[in-house]
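**Q** With the input below, show me the fold.
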Amino acid sequence: MTEQGTPWTVVLTGQESGSTAELPTAMGEFDDLRTERVDGEGLLDRLDSGGVGAVVVGDAPPAQDAVETLDRVREHGASLPVVAVGTDADAERIETALSAGVSDYVRWRDEDSAGELAARLRALRTTPSRDGVAAADRWERIVRGVAHDAKNPLNVVSGRLELLDVEETHRDAMTRSVGRVETLLDELRAVAIASGPVDHVESVALADAARQVWAGMDASEATLRVETGGSVEADPDSLRLVFERLFENALVHAGPDVTVTVGDADGGFFVADDGPGIPPEDRGETLEQGYSTVPGNEGYGLFVAARVAAEHGWTLDLAESEAGGVRVEVTVR
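**A** Now for the predicted structure:
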């Protein structure tokens, strides 16, 4: 047995009956793992009380669904590892659970399976990044903290610039540089959010999402045409972020009086503009982090949109619009 110092508290839930009923007793044999048995109704209250390192959930749908428990834990704001244990799980069920964000899945055969489960839990304790949802949540918190901490000294620099007797040309250059750093910090946080796994989807009307995003943009001279009545299964906030970045890209590169069209495409939807377009040989590079042809633009718009699409399992491709501008096609199936 691998000792980890202070015992790690693991909450067991969903083993009230069935073939995993002996799991709590079997797990009590490991001194480095302190196990507590909690029923489904008391799980969130126990997490609120603190000190929990991981949750082990019995998986026997539909009566006990580990994915549903995972969703409850994540929606409650907890990012700790969640491990599913099932007796009759086939490869498809395990793939479904892992794709949904479950940290690991252990097939429970008998009490001897306790050793495997204990080993998986120890691995999650030492390398918690194996849990994609938890890792993304930690990464976002770190980036948010860095961005906040970095902006404080930037504000000091900006304030001191106002007090210095510096030639206007130099002052403007330094002010622009401070602004660029602040923008890059904001974009870094956006990339962290976009790179996180999707843990909730619902049917979202494309037209409603597009119009909602457009209404919040500074686009008084531009025109939005919505030519879709379709919907997609997506995280609503993520879909709105995709539209926001695609609209911003059109406004920056095609001009303030651009006409943007949202419509149905084969297997998904598209966002097109009537701007100057992108040469075919440059389209692959355009989706890369930091690429931009506009001075002062940090080049994260299409990159963030592509990252969000990838986390949904979608693809984002560039083509030429009917007006000769850019057509961004998002394939969702």
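
**Q** Helices along the chain, start to end?
**A** 23-27, 43-48, 66-75, 91-100, 113-126, 132-163, 168-194, 206-215, 236-254, 283-286, 301-311 (DSSP state H).

**Q** How far off centre is the fifth one?
**A** So the one you mean is helix 113-126. Offset of helix 113-126 from its chain centre (C-alpha atoms, centre = their mean, to the nearest Å): 26 Å.

**Q** Would you indicate which residues of that helix are buried?
**A** Under the neighbour-count criterion of 16 or more other C-beta atoms under 10 Å, helix 113-126 has 113, 114, 117, 118, 120, 121, 122, 124, 125 buried. Backbone N, C-alpha and C define where each C-beta goes, glycine included.

**Q** same question, the first one
**A** By neighbour count, with 16+ other C-beta under 10 Å as the criterion, the buried positions of helix 23-27 are 23, 24, 26, 27.

**Q** can you tell me which of these lies nearest to residue 33?
**A** Distance to residue 33 across the buried residues of helix 23-27 (C-beta to C-beta) is lowest for residue 27, with 6.5 Å.

**Q** could you measure that closest one against residue 85, distance?
**A** 10 Å (C-beta to C-beta, to the nearest Å).

**Q** list residues touching both of the two?
**A** 56, 117 (C-beta atoms under 8 Å, 6 or more residues apart in numbering).

**Q** which parts of stretch 326-333 are buried?
**A** 326, 327, 328, 329, 330, 331, 332.

**Q** Against residue 262, how distant is the third one?
**A** Relative to residue 262, residue 328 is positioned 10 Å away (C-beta to C-beta).

**Q** Same check on the last one?
**A** Residue 332 sits 14 Å away from residue 262, taking C-beta to C-beta as the criterion.

**Q** Common neighbours of the two, please.
**A** In contact with both residue 332 and residue 262: residue 269, using C-beta under 8 Å, 6+ apart.

**Q** what about the stretch 101-250 of the chain, any weak spots by pLDDT?
**A** Applying pLDDT under 70 to the stretch 101-250 of the chain flags residues 127-153, 157, 160, 163, 166, 170-171, 176-199.

**Q** rerun that using 80 as the cut-off
**A** 110-111, 126-201 (pLDDT under 80).

**Q** Can you pull the domain assignment for the chain?
**A** Per the record, the chain has its domains at 8-128, 134-194, 202-331, by automatic domain parsing.

**Q** how much space is there between the nearest residue to residue 110 once chain neighbours are set aside and residue 226?
**A** Sequence neighbours aside, residue 22 is the residue nearest to residue 110 in space, at 8.0 Å (criterion: C-beta to C-beta, 6 or more residues apart in numbering). The gap separating residue 22 from residue 226 is 57 Å, by C-beta to C-beta.

**Q** before we move on, back to that, and for residue 328 and residue 262, which residues touch both?
**A** By C-beta under 8 Å, 6+ apart, the residues touching both residue 328 and residue 262 are 270, 271.
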